[in-house]
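Undergrad: Could you work out the structure for the sequence below:
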Amino acid sequence: MQLEEKIWFWILGIIPVIVLFFLVLQLWKHKTQKKFADKALLKRLSPNKSLFKSALKVAMLCLAFACIAIAMVNPKVGTKLETVKREGVDIVFAVDVSKSMLAEDIAPNRLEKAKQLVTQIINNLASDRIGIIAYAGKAFPQLPITTDYAAAKMFLQNMNTDMLSSQGTAINEAINLAKSYYDDEEQTNRVLIIISDGEDHSEEAAAVAEEAHNEGIRIFTIGVGDVKGGPIPEKKNGIVVSYKKNNEGETVITKLNEDTLKSIAQEANGAYINGKNTTDVVETIREILNNMDKTEFEAKQFSDFKAQFQWFLGFAIFFLVLDIFLLERKTAWLKKLNLFNENL
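TA: From the prediction side, this is the model:
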């Protein structure tokens, strides 16, 4: 499904205004009528008055505006599923979500910078397949290999430092998990891009990277942070209340460890890229991918999208007409239902 003009969703904002106006009006009527006469006398003066019918008319009006909004957005549905041939590279992004990625030595912080880098790289891809891994002390699969870039960016934005309880930066875990992402044994275009500050508490990373290279995986590392380092803020409601301290009570200073990231990339026939300048990173990755062999694969996608606005426009007209013909007084069928025990 595709939504052509999402801007028209603002029409939905009219609905709470209508409901609020209705409630205020009913409250004003109740107070005014109470001053005029008591409840028993009002019932005799206006026996056919119905609050239910008034609420029903408002509901019809709200439904009409909701349908108009959806009609203006113009949803389109794919009517045919096609299998198309595409050529590309299989790229797995391994994003560091350890607590050290909260350091703000690079704006807005290391993790947000990492997300920006991956998003911009994805925006510049054409027909490559991508997957995402989150890792700290352990690695966790976020998104398997796919051509759905929108889903990839959605999963990416939801990543945070609280998603993995095991802390640390075990890059080797991410590399081992990435091996399971590539499904073609004869594939020669396997790429793993690690985005991290390089503070690896495991000494196995370089050795595991060499093993990955033997399996045909090229690893590129992107360093986020500053070599001078910075403290790790601890926030409450978005406000810094303190900085992370070690067992001796001293403020922890976390630094970008480029040596670790360079050694991993070197062992896997890749390259290290400093992530400070987003444009440079995107251009470098683009050149690398353009110079790689492309593998042909099949991908299913919907085609022949047809507009569906007419259905919602029809419903909107129906609800508006129904609202016009609905009277605010009781009708025979409503009296029989006696929804609010009004005849007692």
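Undergrad: quick one: terminal-to-terminal distance for stretch 240-255?
TA: Taking Cα to Cα, to the nearest Å, stretch 240-255 runs 20 Å from one end to the other.
Undergrad: Any buried residues in that stretch, and which?
TA: By 16 or more other Cβ atoms under 10 Å, the buried positions in stretch 240-255 come out as 244, 254-255. Any C-beta I mention is one placed from the backbone N, CA and C, and that applies to glycine too.
Undergrad: quick one: which of those residues sit in strands?
TA: Within those, residues falling in strands by DSSP state E are Thr254.
Undergrad: would TSV of the buried residues of stretch 240-255 with distance to Gln120 and pLDDT be doable?
TA: Shown next, in TSV, are these (distance: Cβ to Cβ, whole Å; pLDDT from 0 to 100):
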residue	distance to Gln120	pLDDT
Lys244	29	88
Thr254	24	91
Lys255	25	92
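Undergrad: can you tell me how far Asp148 sits from Asn160?
TA: 21 Å (Cβ to Cβ, to the nearest Å).
Undergrad: In this structure Glu173 contacts Tyr135, no?
TA: Yes - Glu173 lies in contact with Tyr135 (Cβ atoms under 8 Å); the separation is 5.7 Å.
Undergrad: where does the nearest residue to Thr221 once chain neighbours are set aside land on pLDDT?
TA: Closest residue in space to Thr221, ignoring its immediate chain neighbours: Leu261 at 3.9 Å, by Cβ to Cβ, 6 or more residues apart in numbering. Here the pLDDT value assigned to Leu261 is 93.
Undergrad: contacting residues around Leu261?
TA: Residues near Leu261 by Cβ atoms under 8 Å, 6 or more residues apart in numbering: 194, 196, 198, 221-223, 272.
Undergrad: Which pair of those spans the longest distance?
TA: Pairwise distances across the contacts of Leu261 (Cβ to Cβ) peak at 10.9 Å, for the pair Ser196 and Tyr272.
Undergrad: can you list residues touching both of these two?
TA: 221-223, 261.
Undergrad: farthest-separated two in the residues you listed?
TA: Ile222 and Leu261 (7.8 Å).
Undergrad: Overlap of the contact sets of the two?
TA: With Cβ under 8 Å, 6+ apart as the test, Ile222 and Leu261 both reach 194, 196, 272.
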